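**Q** only the shape, not the letters, is given here:
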């Protein structure tokens, strides 16, 4: 731990020393830079979610299955976000976070888990204490005089930034901070709760059980298109908290974002490749058949194995200055190597939308509705049908069917202005319906009801 902290301090100092002088701007152009060079509290949040799972038909079950008798669990997360811009093109961010509570049915039994905030702690039995969520440096190189103002936000120092620029980030962060973002489906604290809707679940991105990792991001950003590459540390074991070194296990991501000014549509194309100590479903089945035992994906773990996948992410603003709009995601991975980090999905298609409350004189309110269908590769299905277990699903048997999820929410929000910023309070009733939980037509269907309270500064 001390070595990691020392390495991060060295990185921040090195970036500071390497920062170039800002370029000259054309006459009439605002000079890019932060509003303040002092450390800032950028925001804070508290989220409470109470969720209930109904009873379901369950002719058989395992330790990973949804509980047949139903369940009810609360979760709490709290976080504070700070930032500092000591130089014009150099920023540093430091966030702390705390998670308390547990997901229904022990946070297992579904590919599309129903409380997105649970990923912050996972199923690893970690201590309920504050931890460092993010600690990273952001270095920007402007490539032109045109600039835009950015307001204070979580992990955003207020000021003016070049519209066309190179960016480099290094440190501890969440991969989803930079990849697979979506205006209408990107936060379990204010939008959809289900994992398959606020992220592409076929994208097995690098993270520890709390959802964070160490890595580097290099990007070219412009008004019409952007290209980003990120490389991050993978966990040592599936769904693990300890991260491996980059030379042994890493997640690489490449994303092209297209946002032509002539239309409001935004399209993101994502490709990823993970390297690590993974098992292969077909090999685990062969080993089990020869030994006369149940298959165990960990029995075939080998260093240097890969998992690859692609994703498509679309957001389509329709009205209300873009606050009403549609979104869609498609995702695919090879389904050959074990799912390692996020969830157990090999194919996914999701579609939904958001309607702004301006139409009924509640400008900050939102209604969201979406549908998701997830599937598995043939080898992954055979592994579960033979009694194999993953890190989230495995009923001991399997009559395969696509897992189908529908979610509906209404977010009522109140906003108060203060000299130091906005204070927002959101109250969201949420309902979800899941057909074929964990891809098993013998079990379910099952319903989930939740109430979310979100306070944000």
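**A** Looks like it came in fine. Since the model is a prediction, treat every value here as computed from it, not as a measurement. Residues are numbered from 1 along each chain as shown.
**Q** tell me the SS of the residue nearest to the spatial centre of the chain?
**A** Nearest to the mean C-alpha position of the chain, by C-alpha atoms, centre = their mean, lies residue 176 at 4.6 Å. What DSSP: H, G, I helix; E, B strand; the rest coil gives for residue 176 is helix.
**Q** do the same with residue 264
**A** Recorded secondary structure, residue 264: coil (three-state DSSP).
**Q** residue 229 is in what secondary structure piece?
**A** Using DSSP states H and E, residue 229 sits in strand 225-233.
**Q** pull out the buried positions in the helix or strand following that strand.
**A** As assigned by DSSP H and E, the chain's next helix or strand after strand 225-233 is strand 250-258. In terms of neighbour count (16 or more other C-beta atoms under 10 Å), strand 250-258 has its buried residues at 250, 251, 252, 253, 255, 257. Quick note: C-beta positions are derived from backbone N, CA and C, even for glycine.
**Q** and the third one, what is it in contact with?
**A** Shown in contact with residue 252 (C-beta atoms under 8 Å, 6 or more residues apart in numbering): 229, 230, 231, 272, 273, 274, 275.
**Q** any idea of the pLDDT on it?
**A** For residue 252, the pLDDT comes out at 98.
**Q** mind checking the SS state of residue 307?
**A** strand.
**Q** next SSE after the one helix or strand in the chain whose mean pLDDT sits lowest?
**A** The weakest-scoring helix or strand in the chain, judged by mean pLDDT, DSSP states H and E, is helix 2-18 (a mean of 42). Using DSSP H and E, the helix or strand that follows helix 2-18 towards the C-terminus is strand 33-34.
**Q** adjacent strands (with direction) for that next one?
**A** strand 159-162 (antiparallel) (DSSP bridges).
**Q** tilt between the helix or strand just after the strand it pairs with and strand 225-233?
**A** Using DSSP H and E, the helix or strand that follows strand 159-162 towards the C-terminus is strand 165-173. Counting by axes from the mean of the first three to the mean of the last three C-alpha atoms, to 10 degrees, strand 165-173 lies at 30 degrees to strand 225-233.
**Q** for strand 165-173, packing partners?
**A** helix 2-18, strand 131-142, strand 213-221 (3 or more C-beta pairs under 8 Å, 6 or more residues apart in numbering; DSSP states H and E).
**Q** 6 Å - rerun?
**A** When contacts are defined as 3 or more C-beta pairs under 6 Å, 6 or more residues apart in numbering; DSSP states H and E, strand 165-173 sits against strand 131-142, strand 213-221.
**Q** mean pLDDT added to those strands, as JSON lines?
**A** Converted to JSON lines, these look like this (pLDDT from 0 to 100):
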{"stretch": "strand 131-142", "mean pLDDT": "97"}
{"stretch": "strand 213-221", "mean pLDDT": "98"}
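**Q** would you reformat those as CSV and include mean neighbour count and distance to residue 343?
**A** What follows is the helices and strands packed on strand 165-173, written out as CSV (neighbours: other C-beta atoms under 10 Å; distance: least, C-beta to C-beta, whole Å):
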stretch, mean neighbour count, distance to residue 343
strand 131-142, 19, 20
strand 213-221, 19, 16
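**Q** CSV for those strands, including distance to residue 297?
**A** Putting the helices and strands packed on strand 165-173 into CSV (distance: least, C-beta to C-beta, whole Å) gives the following:
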stretch, distance to residue 297
strand 131-142, 29
strand 213-221, 22
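**Q** spell out, range by range, the helices that occur in the stretch 301-450 of the chain.
**A** 378-385 (DSSP state H, counting those that start in this stretch).
**Q** spatially nearest residue to residue 313, not counting backbone neighbours?
**A** The spatially closest residue to residue 313, leaving aside those adjacent along the chain, is residue 268, at 4.0 Å (C-beta to C-beta, 6 or more residues apart in numbering).
**Q** distance check, the one you found against residue 258.
**A** Residue 268 is 8 Å from residue 258, where distance means C-beta to C-beta, to the nearest Å.
**Q** let me know the pLDDT of the residue nearest to residue 313.
**A** Confidence at residue 268, expressed as pLDDT, is 99.
**Q** next secondary structure after the host helix or strand of it?
**A** Assigned by DSSP H and E, residue 268 belongs to strand 266-278. Of the helices and strands lying after strand 266-278 in sequence (DSSP H and E), the nearest is helix 281-291.
**Q** what is that following helix packed up against?
**A** Short answer (3+ C-beta pairs under 6 Å, 6+ apart): helix 281-291 packs on helix 378-385.
**Q** show me where pLDDT drops low in the stretch 101-250 of the chain?
**A** Applying pLDDT under 70 to the stretch 101-250 of the chain picks out residues 119-125.
**Q** what is the orientation angle of the strand holding residue 268 with strand 250-258?
**A** Going by the same axes, to 10 degrees, strand 266-278 makes 170 degrees with strand 250-258.
**Q** buried residues, stretch 291-298. List them.
**A** In stretch 291-298, counting by 16+ other C-beta under 10 Å, buried: 295, 296, 297.
**Q** how much space between residue 39 and residue 93?
**A** For residue 39, the distance to residue 93 - C-beta to C-beta - is 10 Å.
**Q** wait, I meant residue 205
**A** 19 Å.
**Q** residue 309 now?
**A** Residue 309 is 28 Å from residue 93, by C-beta to C-beta.
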